[in-house]
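Student: my questions concern the predicted model and sequence given below.
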Amino acid sequence: MADYLADVKKYDAGASADAVDKIVKHLGIALRNRDSSLVSCTDPKELDRVRENWIGKKLGVADAAKANASIEKTCKAMHADNTKSRVTFYYLVAKDLGKLGSL
């Protein structure tokens with residue numbers, strides 16, 4: 001948990017440990033596999049899954065344009081990071097959409 005929080009804090013110094021913990025619990029077993037614990041901003045299918053499963057289903061945001069804008073913003077923010085942690089990516093998307101409180 002501390003590693004995930006430390007990674008999130010690279011992008012948001014005031015990151016909520018509670019929100020990070022909820023994302024880690026939500027992702028569960030997916031975090032055990034290196035490939036599924038990372039997000040690829042160059043894979044359209046991956047970004048579709050983020051939009052449908054995380055933004056649509058978990059965060060309840062149905063506006064595709066808003067979801068796409070948040071994904072694009074997060075990809076740009078994490079551009080220099082070759083291994084984009086799924087926990088950090090999801091946190092930043094949720095924060096951008098104002099949904100951290102609804103996790």
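Tutor: Yep, it's here.

Student: which secondary element of the chain has the worst mean pLDDT?
Tutor: Counting by mean pLDDT, DSSP states H and E, the chain has its least confident helix or strand at helix 2-9, which shows a mean of 92.

Student: which stretches in this protein count as helices?
Tutor: 2-9, 17-27, 44-49, 64-77, 86-96 (DSSP state H).

Student: neighbours of the residue lying closest to T74 once chain neighbours are set aside, how many?
Tutor: The shortest distance from T74 to any residue other than its chain neighbours is 4.6 Å, reached at L92 (CB to CB, 6 or more residues apart in numbering). C-beta here means a position set from N, CA and C on the backbone, and glycine is covered the same way. L92 has 23 neighbouring residues, counting by other CB atoms under 10 Å.

Student: ok, K99 touching A67?
Tutor: No - using CB atoms under 8 Å, K99 is not in contact with A67; the gap is 11.1 Å.

Student: now the common contact residues for those two.
Tutor: The contact sets of K99 and A67 overlap at V61 (CB atoms under 8 Å, 6 or more residues apart in numbering).

Student: quick one, which of the two is more surrounded?
Tutor: A67 (21 against 18).

Student: list the contacts of that one.
Tutor: Listed by CB under 8 Å, 6+ apart, the contact partners of A67 are R51, I55, G56, V61, L97.

Student: let's go with 6 Å and repeat that
Tutor: Applying CB atoms under 6 Å, 6 or more residues apart in numbering, we find A67 in contact with R51, I55, V61.

Student: if we can go back for a sec, what residues does the least confident helix or strand of the chain touch?
Tutor: Outside helix 2-9, the residues that touch it by CB under 6 Å, 6+ apart are A15, A17, V20, V24, S85, V87, T88, Y91.
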